[in-house]
Structures are given as C-alpha cells and as structure tokens.
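1. The sequence isn't on hand, but the structure is:
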C-alpha cells in the first residue's frame, strides 16, 4: 500500500513536470486511435452489410421455355448435384407476367396488348448461407448457365463484385491504419519517456543512490504509459462517437445509411481497443526504460 | 560495519586513486579520513557507498560483500547508508523539503513522519525559513546543509560525509558537527572525509590519513 502511494505520488510529480510532452503524446495516441477506429468502424459496418446482402442473394436462371414436371425434377436434381441449396423456385412465363403486372400497379395497362408469355420462365435459386465468397458464387453461376435450356444466369454480378472489392480495399486500409496506430503509439510514448528520462537523469541517479528499488523507479513510468493509453484511446473513441452521431444526425432518412443500418462499436470492441492501446503505450514506456535506465 | 581488504582503485589512463587499502570500521564508530585534495578520500567514500566498484580487493558493509549485491538487496543496503556528497547531488529545481524527503520516500515512510523529520532537521541546521525555497536559489553553504540533512534524514546505520564544512562559517560548522555527533550517539557509524583541521584536531576519535591513495598514518582513538 505504501509502495503504491509512493509511486503514485512520484507519477503525479512526473506528470506535473513534463505535461507539455505528455499532452503531445496523448494527442498522438488519440489521433492514431481515431484514424484506426474510423476505418475499422466503416469496415465492420461494410462486413455486416455484405452479410445482409448475402442473406438476400439469389441466382436467377432464365429458361428458353416453361419446363414440364419431369424437366423440373431433372433441373432440381442437377442443381442440387452441385451443392445443397436453401430453396428452388420455378417461375413460369405466366407467373412472371403476373408478378410484373403487379409491380406496375396502376400502370399495368401498358401490358394490355402484349402477350402473357412474353417474359421468359425462370428458376430462382437461393444458395445456402455458407456459399458466401465471390468465387463460390461465380462458380455456381457458371455451372447453372450450362444447364439445359438456360438463356442466362443473373445475380447482380457487377454490383456484388464492386462491393466485394470495396470491402477488400477497406480491409487493407484497416490493416495499414492499425499498423500506423501500433508504430506511432509505441514510438511517441517511448520518445516521450526517453525525453523525460534525459531531463531527469540526475534525479534517477540520485534515487538509485539513496536506495530506490528498480520497481520504485520503473512503476511511475509504467503508470504514465497506462494513463496515456487509457485516456488517449478514450479520447479517440469519444471523438469518433461524436463524429458518428453527427453523421447519423445529418444523413438520416432514406439514403445510404438507411440501406446499410450503420452501427457503432459493441462494448466488447470498445474495451478491446482501449486494452490494446494501454498495452501498446505500456510496452513503449517499458522498452524505453530498459534501454535508457539500465537498472 | 565496514571492512576493506587490499582495495585498489585506479582511473584511466593510469591515475591510482587508492592502493592496497585495508581498513576496519566498527559499528557506532566516528571515523575521520583526512588528507589533501586528490589523496583519495572521496574515492574511498564512493567505494564504500557502492557508487563505484574497486579494481581489486574486497569491501564488506554490514556483512554484505558489495560485489555480490544486486537489485533489491543493494537498494535495501543503500537505504541504510546516508551519503553527503561533496558535489551535493541536489535537485536544484525542487524545494528544500522535497530534497530532504527523497531519502525517506524511497523507504516508503509515512508522509506525516517525513514532514515531521524534515521540519526537525531544518530547525537543527537553522534552515527552518527555507522549507519551501527552491534549492537552486540557496547559497553554497545552505545547499551543503541540505545535503547533510538528506543524508541523516532516514536515520541511516552508516553515514558517509564528504567535506561537510567546506563552505561553512565557524558557528554553522559547530551545528553541523553537533548533528553528526547526535547521529553517532544514536548508533550510526559515521565516516567523515575532510581536510578541515578544526573538526578533527581536538577529536579523540580514530583518524586515518591518506596520501596519494595510500594510508600514511592511522591515529587510534584516545580513551578518556
């Protein structure tokens, strides 16, 4: 208890004497956390959205003609030969016409002189939830396009491909900003502690001479590291939350955010970011002391 | 309390500071080390306080071989040794009270106990009005007394004092010597390195004279 009281007093003294450089480090940690957390938040939301899109994914096989019951059975068998699927729905030319007319609503009069079999028959295939990667969907689509009597297979290729490439790009940005966070945090914290050590070389030497234990000298620096990580990451996350609320407030209503149901980090994720920041800043402070104190 | 056996110390390129010093200082003794500047007095104190290692020989303090002491054991021993350095080693941007308190803080003394002790020492050394003064703003003589106060603050078992009266007038020298005698009377072993004849001439304690790193005389204590 007395030990902790003594080192807390020492840490408080350090902070009072070196507050300008401590403030700079705190701002750097906050900014690094803000950059990383921002991209991570966008990435997490994009991944969530891609899962939602995946839930709605269905492949449509346009056929030359309405298949009879025997043909339907054969097609069903061939489709399930490739992989198990969630659902197979046969849509005849007539059903397609009715759906279209229903969609046109009060404008359905435009179909008055058009024959009811002008739309092609189709099969709607809902793949299993585990068929999620773009390559798997592509392979399945190629297989389906070779089924007898197939005109074309559609699943919104272009849009889905772009979306997948965008999430991949985001994952790279998250990785890079994460690395940036690690490097800047460790560098800045160890740099500040080094400056503090240089500035207080005489005091540290005296402390050793009057019998301060290594823990008595080290612990205040570690406490500084923990505080920088805790306060820096909290500030960064709080700034991001303010930014998130502002974006939500200004861009609510029908639009992109409605489509993607944008959400903030879960409490577990917030805790993980704070804990990792604390570990990084403490590691930065520890490495500096090992190098420069040689105690 | 302190044992030195054939201790030698030299500095590059070939300056011999101490040569084959063998010495035994018993617990509770007040021991004077005298000699001109460069005789090796300060080096002797540095070796005993483990600030520097000897080139050869054995040094034992309170039964501990200094070569083998590391980490927490070394720290604990240093807490029992009070040193008043010739170059003071004060933190000039701190207050007088903070400088004196530092030796008690590292042994986790209660803040109230620290405050009481600091006040008492400042009174004894006529520095009561300097409690909150910045140490760098004090005169050399005042800084010297602060150094001494820091050395005795933690009630050490061994007190090493290097030229304690170098910057002091006659009256203050008397006060400083009173403080050292008080520490000695309460059980501390006191080793004083000095060339100030006034403080050891009339003393009946043991006096060792160094010259160019060698012991040239050792006057035994006069029993009265």
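-> On my side now, so go ahead. All values derive from a computational prediction rather than experimental measurement.

2. which residues sit against the helix or strand of chain B with the lowest mean pLDDT?
-> One helix or strand of chain B scores below all others by mean pLDDT, DSSP states H and E: helix B:197-200, with a mean of 82. Contact with helix B:197-200 is made by B:32, B:34, B:164-165, B:170, B:173, B:177, B:192, B:194, B:207, as judged by CB atoms under 8 Å, 6 or more residues apart in numbering or on different chains. Bear in mind the C-beta positions are built from the backbone N, C-alpha and C, glycine included.

3. which pair in those residues spans the largest distance?
-> The two members of those with the most space between them (CB to CB) are B:170 and B:207, at 20.7 Å.

4. out of those two, which sits in the busier spot?
-> Per other CB atoms under 10 Å in any protein chain shown, whichever of residue B:170 and residue B:207 has more neighbours is residue B:207, with 19 against 8.

5. Which residues of chain B lie near chain A?
-> B:49, B:51, B:71-72, B:75-81, B:83, B:89, B:91, B:102-103, B:105-108, B:110, B:150, B:154 (CB under 8 Å from any CB of the partner chain).

6. buried subset of those?
-> Neighbour-count burial (16 or more other CB atoms under 10 Å in any protein chain shown) applied to these gives B:49, B:51, B:75, B:77-81, B:83, B:89, B:91, B:102-103, B:105-108, B:150, B:154.

7. Chain B: strands as residue ranges?
-> Counting by DSSP state E, chain B has strands at residues B:2-11, B:15-25, B:30-34, B:56-61, B:64-65, B:81-84, B:158-162, B:189-194, B:206-211, B:214-219.

8. Name the member of the contacts of helix B:197-200 with the most neighbours.
-> Neighbour tally across the contacts of helix B:197-200 (other CB under 10 Å): the maximum, 28 neighbours, falls on residue B:192.

9. ok, and for stretch A:136-152, which residues are buried?
-> Across stretch A:136-152, burial judged by 16+ other CB under 10 Å covers A:137, A:140-141, A:144, A:147, A:150.

10. Any idea how many residues pack against residue 219?
-> Went with chain A since none was named. Number of residues near residue A:219 (other CB under 10 Å) recorded here: 18.

11. The chain in question should be chain B.
-> Residue B:219 is flanked by 15 other residues according to other CB under 10 Å.

12. so what's residue 216 scoring on pLDDT?
-> Assuming you mean chain A. On the pLDDT scale, residue A:216 is placed at 87.

13. my bad, chain B
-> Residue B:216 carries a pLDDT value of 86.

14. For it, give its distance to residue B:207.
-> Residue B:216 sits at a distance of 11 Å from residue B:207 (criterion: CB to CB, to the nearest Å).

15. Ok, residue A:172 next?
-> Distance of residue A:172 to residue B:207, given as CB to CB: 79 Å.

16. likewise residue B:145?
-> Distance of residue B:145 to residue B:207, computed by CB to CB: 24 Å.

17. OK, now which residue of the stretch 51-200 of chain A is nearest to chain B?
-> Per CB to the nearest CB, residue A:200 is where the stretch 51-200 of chain A lies closest to chain B, at 8.9 Å.

18. burial count for that residue?
-> Neighbourhood size, residue A:200 [other CB under 10 Å]: 18.

19. Also the one 4 residues further on?
-> Applying other CB under 10 Å, we find 19 other residues in the vicinity of residue A:204.

20. Spatially, and excluding backbone neighbours, which residue is closest to it.
-> Nearest non-adjacent residue to residue A:204, counting by CB to CB, 6 or more residues apart in numbering or on different chains: residue A:217, 6.2 Å away.
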